[in-house]
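[1] sharing a sequence plus its predicted fold:
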Amino acid sequence: MEQEFVERVAPLLRAARRIVVCTGAGISAESGVPTFRDDLTGLWARFDAQQLATPEAFHADPDLVWGWYEWRRARVRRARPNAGHLAVAAIEARVPASTVITQNVDDLHERAGSRTAIHLHGSLFAPRCVGVPAHPAALPEPPDDEVIGSPEGRRIPPPRCASCAALVRPGVVWFGEGLPEAALTAAVDAATSCELLLAVGTSGVVYPAAEIPRIAARAGATVLQVNPEPTALDAVCAVNLRGTAAQVLPALVAAAWGPDGHTA
Ligand code: BV8
């Protein structure tokens, strides 16, 4: 990780009054939550996440898709926010007009203390029924770990809605589904008015979320990227910090505001 780049961009962070932090699956990788790029592990090795995260997959086999989300929820429940999530919360605490926009459906930003996370793609922990209108649904008791990790754990029948008896589905945005209007509008507004946008742990290929850093750049913001690999966003970034979220973000916060991120 290039420390001199961190020292170079730290004054930008310190001076910015309106900051947006855009995160993708990479910020949760060091918490042990696999990214979409990672091959699905174990039971799910022979599935493609982009095939499973669709209305068609749920319609065709609701038990398989519900089982996949139970497996993912269990992994997130076992995970802990990492130093990258904590650094994002420190930026929010330090810069009142800061906004966190995440593509992630885990709750690690919230568990790290973030208060403003806009979830463009929903949440693993907010199921709803497929009824029209959709009713929010309570999460059922999590299945035993040995069930989730076992072949029979692969298919788990989704619960039924207590209000209308329709199938309950994961409260996420699937491929081919529109994003929640309020979330997308808030994200575009924040990107359009910020001075600095940090793109962290995203490959920048899933739209319209991938448009957010590009909107900020077009509006004149400085876009910084934290990612160990090159991505589709490299072209719009003023600086690409080649490192992981849990390494770079705490270093950036310390360089900007001192070792605990709260001293001047
Ligand atoms: C829609 C929830 C229309 C579900 C997800 C142009 C415009 C609009 C749409 C499209 C378009 N072109 C194509 C589309 C369709 C599609 C799309 O973008 N497809 C892609 C594949 C080309 N988009 C859609 O379908 C969207 N809907 O447009 O609908 C519409 C409009 C109105 C009305 C009706 C319909 C919906 C997209 C949302 C899909 N849902 N998630 C679930 O989670 O199960 S997407 C899911 O995949 C994630 O949420 C995330 O967004 C994406 C994965 O991307 P990343 O987060 O970036 O993660 P990834 O694994 O790709 O990369 C990880 C990165 O981290 C890597 O760069 C890696 O190097 C880095 N990394 C690894 N370790 C670390 C690290 N970085 C830092 N630290 C580390 N330690």
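    Sure thing, it's come through.
[2] count the neighbours of the residue nearest to P230 when sequence neighbours are not counted for me.
    Using C-beta to C-beta, 6 or more residues apart in numbering and skipping residues adjacent in sequence, the residue nearest P230 is N240, 7.4 Å away. From N, CA and C alone the C-beta is placed, and that goes for glycine too. Using other C-beta atoms under 10 Å, the number of residues around N240 comes to 20.
[3] next to the ligand, which bits of the stretch 151-264 of the chain? Give me the list.
    172-178, 201-203, 205-209, 226-229, 231, 244-245 (C-beta under 6 Å from any ligand atom).
[4] hang on, the earlier thing: who does the residue nearest to P230 form a beta bridge with?
    Per DSSP bridges, the residues bridged to N240 are Q225.
[5] the residue of the stretch 151-264 of the chain found nearest the ligand in helix, strand or coil?
    Nearest residue of the stretch 151-264 of the chain to the ligand (C-beta to the nearest ligand atom) works out as G178 at 2.9 Å. Under the three-state scheme (DSSP: H, G, I helix; E, B strand; the rest coil), G178 adopts coil.
[6] quick one: D234 and V223 touch, right?
    No: contact between D234 and V223 fails when scored by C-beta atoms under 8 Å: they sit 10.2 Å apart.
[7] between those two, which one's more packed in?
    Between D234 and V223, counted using other C-beta under 10 Å, the more crowded position is V223 (24 against 13).
[8] I'd say the more buried one and V200 touch.
    No: in this structure, V223 is not within contact of V200 by C-beta under 8 Å, at 11.3 Å.
[9] if we can go back for a sec, what sits against the residue nearest to P230?
    224-225, 227, 230, 234 (C-beta atoms under 8 Å, 6 or more residues apart in numbering).
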